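Novice: sequence-free structure coming up:
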């Protein structure tokens, strides 16, 4: 989203370069704190300790965390309890939730991931993840492994879901923009721009650009849900 918006901003502002890097929410927060970047991006809320670091938080989009499985997996829905039991290690075979007799292959994110933090809080009620999981540093890796592994399950941002994987219903609700807006899909979170102090100069201008109706109804709404007016 930011890459696409950055390209459009550069086209409208010759001579300005918008550089975008990934690395997880913790890396984005740290970059904003240290001044390594003008804007840090995060898909999780600040911790109590981080709120004392002088950061100004601007919400730029609303996202959902989609639970994904391999397209060949016949399972198309899981209850809250089933999801929690799978990711905490209580359920280990797809047969236990009505699927094939296959050992569940868990794909998880590393501890720097804001998506992991949000999933832990919202889906697992902060019950620790099982250690029997394949840990990956990025969304693309999670999607790739789930898409190529018949027994795999993982979770990624709704904006990164492709036909390589299959989204499943969580507690009877499919992650969709409609279900995010009406609040029916529970695994949702805010996406943040973070600056050291109030944004100024080009950081302020780019933040306002992201929040403009043009970008919110275009680039932002293509992958996520716009910030409510």
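Specialist: Structure received. Only a predicted model underlies this, so the values are computations on that prediction, with no experimental measurement involved.
Novice: Just want the most central residue of the chain.
Specialist: Centroid-nearest residue in the chain: residue 157, 3.6 Å away (criterion: Cα atoms, centre = their mean).
Novice: pLDDT weak spots in the chain?
Specialist: Scanning the chain for pLDDT under 70 picks out no residues.
Novice: quick one, helices of it?
Specialist: 2-12, 25-34, 80-87, 114-122, 139-148, 177-181, 201-211, 213-215, 221-223 (DSSP state H).
Novice: Tell me which other helices or strands the fourth one touches.
Specialist: Contact analysis of helix 114-122 by 3 or more Cβ pairs under 8 Å, 6 or more residues apart in numbering; DSSP states H and E lists helix 25-34, strand 55-69, strand 105-109, strand 152-157, strand 188-196 as its packing neighbours. (Glycine included, C-beta is placed from N, CA and C.)
Novice: Redo those as TSV? Include distance to residue 12.
Specialist: Formatted as TSV, the helices and strands packed on helix 114-122 follow (distance: least, Cβ to Cβ, whole Å):
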stretch	distance to residue 12
helix 25-34	24
strand 55-69	18
strand 105-109	34
strand 152-157	27
strand 188-196	18
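Novice: any idea which of these is most buried?
Specialist: strand 152-157 (a mean of 24; mean count of other Cβ atoms under 10 Å).
Novice: Quick check: residue 53 touching residue 30?
Specialist: No - the pair residue 53 / residue 30 is not scored as a contact, 9.6 Å apart, by Cβ atoms under 8 Å.
Novice: Can you give me the domain assignment for this structure?
Specialist: 2-62+188-223, 63-181 (automatic domain parsing).
Novice: picking that back up, please name whichever of the helices and strands packed on helix 114-122 is nearest to residue 1.
Specialist: Taking Cβ to Cβ, strand 55-69 is the member of the helices and strands packed on helix 114-122 nearest to residue 1, at 6.6 Å.
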